[in-house]
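A.B. asks: Could you look at this predicted model? Sequence included:
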Amino acid sequence: MKKLFEIDLHDFRFEAWDEKPNIAFHQLHQTHSALVHPTPCDNSLEGDGIVGERETLGIKTADCLPIALIGLERAALVHAGWRGLQLQILADEKIKALAPQSAFIGPCIHACCFEVTQEFQAHFPHRPIENGTFDLIAEAKDQIRRLYGIEAVDSGICTCCDLRFPSFRRDKTPQRIWNILRYQAK
């Protein structure tokens, strides 16, 4: 088990692991949806977003966007693929109630590698497909800016380009990145 990436986000720490870490955290049975749940939750509850207060949250990704939204007292961790972004998972009322002050997008597929067909344009008619690729990060950043008036920061790591990270698009691997957002008492 190896930590692939980490960054401090105010009172929280975002980590990306190559295997499930040996720590206790809240997680969901992910379904590429727009369902968001408050803690406590476990793998029997379906959804793609978790909101908690000073707790450790976890989601799995292969190329989708792991998005951390940090409020004053609480935080959310969201698994956002194109379906979740199309369904407006970031606009969920439980996330809005956080009053996010910052947002971070962890390692995920970048526009350089997210190849789509022209038919994909119907899902996001306002955002162009350029050279057969789509920019999920730009879509997420635009949604966060519109909803919360903040600028999301991203890791700059493309899971498809960076061979340290598992990528379903690159390898069709069943391996996932375990994205953890943990509260750090100061």
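C.D. replies: Arrived safely, thanks for sending.
A.B. asks: Any idea how many residues pack against residue 149?
C.D. replies: Residue crowding around residue 149 was assessed by other C-beta atoms under 10 Å; the count is 8. All C-beta spots, glycine's among them, are computed from the backbone N, C-alpha and C.
A.B. asks: who touches the most centrally placed residue in the chain in this structure?
C.D. replies: Nearest to the mean C-alpha position of the chain, by C-alpha atoms, centre = their mean, lies residue 66 at 1.6 Å. By C-beta atoms under 8 Å, 6 or more residues apart in numbering, the residues touching residue 66 are 14, 16, 59, 77-80, 105-108, 177, 179.
A.B. asks: Helices of the chain, start to end?
C.D. replies: Using DSSP state H, the helices found in the chain span residues 82-86, 93-96, 136-148, 168-171.
A.B. asks: Compile those helices into a markdown table and extend it with columns for mean neighbour count, distance to residue 160 and mean pLDDT.
C.D. replies: Putting the helices of the chain into a markdown table (neighbours: other C-beta atoms under 10 Å; distance: least, C-beta to C-beta, whole Å; pLDDT from 0 to 100) gives the following:
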| stretch | mean neighbour count | distance to residue 160 | mean pLDDT |
| --- | --- | --- | --- |
| helix 82-86 | 19 | 14 | 97 |
| helix 93-96 | 15 | 27 | 98 |
| helix 136-148 | 18 | 12 | 98 |
| helix 168-171 | 16 | 5 | 95 |
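A.B. asks: of the ones you listed, which approaches residue 44 most closely?
C.D. replies: Closest to residue 44 of these is helix 93-96 (C-beta to C-beta; 18.7 Å).
A.B. asks: Residues contacting that closest one, please?
C.D. replies: So helix 93-96 is contacted by 36-38, 49, 51, 69, 76, 78, 89, 147 (C-beta under 8 Å, 6+ apart).
A.B. asks: could you list every residue that touches the residue lying closest to residue 132 once chain neighbours are set aside?
C.D. replies: Spatially, and ignoring its direct neighbours in sequence, residue 132 is nearest to residue 115 (5.5 Å; C-beta to C-beta, 6 or more residues apart in numbering). Residue 115 makes contact with 132-133, 169, according to C-beta under 8 Å, 6+ apart.
A.B. asks: Closest to residue 27 out of those?
C.D. replies: For the contacts of residue 115, the closest approach to residue 27 (C-beta to C-beta) belongs to residue 169, at 23.0 Å.
A.B. asks: which residues in the protein form strands?
C.D. replies: Applying DSSP state E to the chain gives strands spanning 3-9, 12-17, 36-38, 49-52, 57-61, 65-70, 75-80, 102-105, 153-154, 177-183.
A.B. asks: Single out the most deeply packed of those strands.
C.D. replies: Scoring these by mean neighbour count under mean count of other C-beta atoms under 10 Å gives strand 75-80 as the most buried, with a mean of 28.
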